[in-house]
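In: the following comprises the amino acid sequence and a computationally predicted model.
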Amino acid sequence: NISMALSVRDVEEYRVINETSEKLVTKITHQGIEELTFEQFDNFCKVFDIHTPDIPIMNKINYNPGLLLLFLESLEKLDLKYIDTDILSPSYIFENIIKGANKRISQKYSLDEDAELSQQAIDLVTQEFIKQEGKPIFYKNAYQLLKEKNLGIELFDLISEGLLGTFIKNEIKYVFFTYQKLENYFISKFILNKYVHFQDDQPTEETIKFLTKIITDYQHPWNNRMILESISTLVAETYKHELIEILDPYKNDEIIQTTFMRSLLWRNKNSFTDITNKYIDELLKTDKNNYFELLGTLLKLSTIPNHPLNAYRLHKHLLSQKIPHRDANWGEFLINSNEYKSIERIINWNWFQSTNYKIEDEIIILNGIVLCWMCSSSNNEVRDKATKALVSIFTNKCTLFLSLLKMFKDIDDPYILERIYAVGYG
């Protein structure tokens, strides 16, 4: 017998496995290196001489090694030495990737960099992807498309910059976006520019009809969470409106609620409005799945200074609850949710910073708030690690620690009081 092993990304599985071969295949799921640690992230930044952000980076995009490499390469091309954590969102990441590619390609062919010809080329390819309902497109079609538009850019340039990839199936060459998130962003941006319009700060009737069709037609090619999540993010960033607000009659639909909650993590912090907060407050009072989803978002955003959903928002929410209610929700979240990686990242980042004296006081306080609330966990390991992380981050910062102590002085949880005073004495 002859056996063959293939390594295939889950989103590309349909390209190599058909209905017949699927019956013969033994699948083993490998998570790759999604466990990229802060130390490894720091090493990536050092290679490109880029200052590592002074906050825990919780955005999963930055823990995808391939996409992180593409992003840091683009910053290097643009002669940028810092990652702007104030606007660290997929829009910021992908726009910088495009700008970096555009600069390099423009220099190669002596083109006008300000003409953004690389973006025009990507738009043409994206339009072809949309015609094919998101499926890979023929290489020769994409090649001919760019030739006809005479932009002065070859399809090979977009491939060499890491924006597009190719594969061959049944002796036919295809083109695809190298990363699913990248594809979702470009498709959503194209949809937004072509079909979503506002007049007098309100969506047009055609826009509402268009978005309603995507939501209600389950066979629609864009009726999937990844595209809707990206559309929801871009609508909020561009128009300061929420997709869940525009489609208010469908606000109780699970797909609308989920895409809204997940978009909170990806968007620019300046896109949050009173309407955003209204829907967050409403969803916090619904079922436990939504509650845990929002707690996970608050946890990931907790350490970002000046963010409307940072640790102060989490602190206000948890402090408003009595200990029985809090233990039944936040306590269970710390033990049984899928956010154990986020919890570990925050703890490990604070351990790693024990000798870093350049961190801003506000960042230390935000981390301290989250770590204190982790001390309420009934899991001894989480409680002990959070306590040690507090000692690490507040060593030689006694005055700052007093500010944290005052925030929790009236807390009704003995676990937190025990640990925060232990940290002070330590």
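Out: Yep, it's here. Quantities reported herein were computed from a predicted structural model and do not represent experimental measurements.

In: secondary structure element for Lys173, which one?
Out: strand 172-177 (DSSP states H and E).

In: next SSE downstream of that strand?
Out: helix 180-195.

In: what helices and strands are in contact with that next one?
Out: Applying 3 or more CB pairs under 8 Å, 6 or more residues apart in numbering; DSSP states H and E, we find helix 180-195 packed against helix 90-109, helix 117-131, strand 172-177, helix 205-216, helix 225-239. Quick note: C-beta positions are derived from backbone N, CA and C, even for glycine.

In: and the strand holding Lys173, what other elements does it pack with?
Out: With contacts taken as 3+ CB pairs under 8 Å, 6+ apart, strand 172-177 sits against strand 137-138, helix 139-149, strand 164-169, helix 180-195.

In: before we move on, the earlier item: as TSV, the helices and strands packed on helix 180-195 with mean pLDDT and mean neighbour count would be great.
Out: Below are the helices and strands packed on helix 180-195 laid out as TSV (pLDDT from 0 to 100; neighbours: other CB atoms under 10 Å):
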stretch	mean pLDDT	mean neighbour count
helix 90-109	88	20
helix 117-131	91	19
strand 172-177	93	18
helix 205-216	91	15
helix 225-239	90	23
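
In: can you list these in CSV and add distance to Leu390?
Out: Formatted as CSV, the helices and strands packed on helix 180-195 follow (distance: least, CB to CB, whole Å):
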stretch, distance to Leu390
helix 90-109, 31
helix 117-131, 46
strand 172-177, 43
helix 205-216, 45
helix 225-239, 33
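
In: so which of those comes closest to Asn306?
Out: helix 90-109 (15.5 Å; CB to CB).

In: and that closest one, what does it pack onto?
Out: Checking 3+ CB pairs under 8 Å, 6+ apart, helix 90-109 ends up next to helix 65-77, helix 117-131, helix 155-160, helix 180-195, helix 225-239.

In: nearest to Ser21, out of those helices?
Out: Nearest of the helices and strands packed on helix 90-109 to Ser21, taken as CB to CB: helix 180-195 at 22.7 Å.

In: surely Met261 touches Leu294?
Out: Yes: using CB atoms under 8 Å, Met261 is in contact with Leu294, at 5.9 Å.

In: which residues do those two both contact?
Out: Counting by CB atoms under 8 Å, 6 or more residues apart in numbering, the contacts common to Met261 and Leu294 are Leu283.

In: before we move on, back to that, pull out the CA atoms of the strand holding Lys173 and give them to me as CSV.
Out: C-alpha atoms of strand 172-177 as CSV (Å, rounded to 0.1, in the frame of the first residue of the first chain):
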residue,chain,number,x,y,z
ILE,A,172,-5.4,24.5,-14.2
LYS,A,173,-3.7,27.4,-12.3
TYR,A,174,-5.8,29.4,-9.8
VAL,A,175,-5.2,32.6,-7.8
PHE,A,176,-6.4,33.1,-4.2
PHE,A,177,-5.8,35.5,-1.4
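
In: what pairs with that strand, parallel or antiparallel?
Out: strand 137-138 (antiparallel), strand 164-169 (antiparallel) (DSSP bridges).
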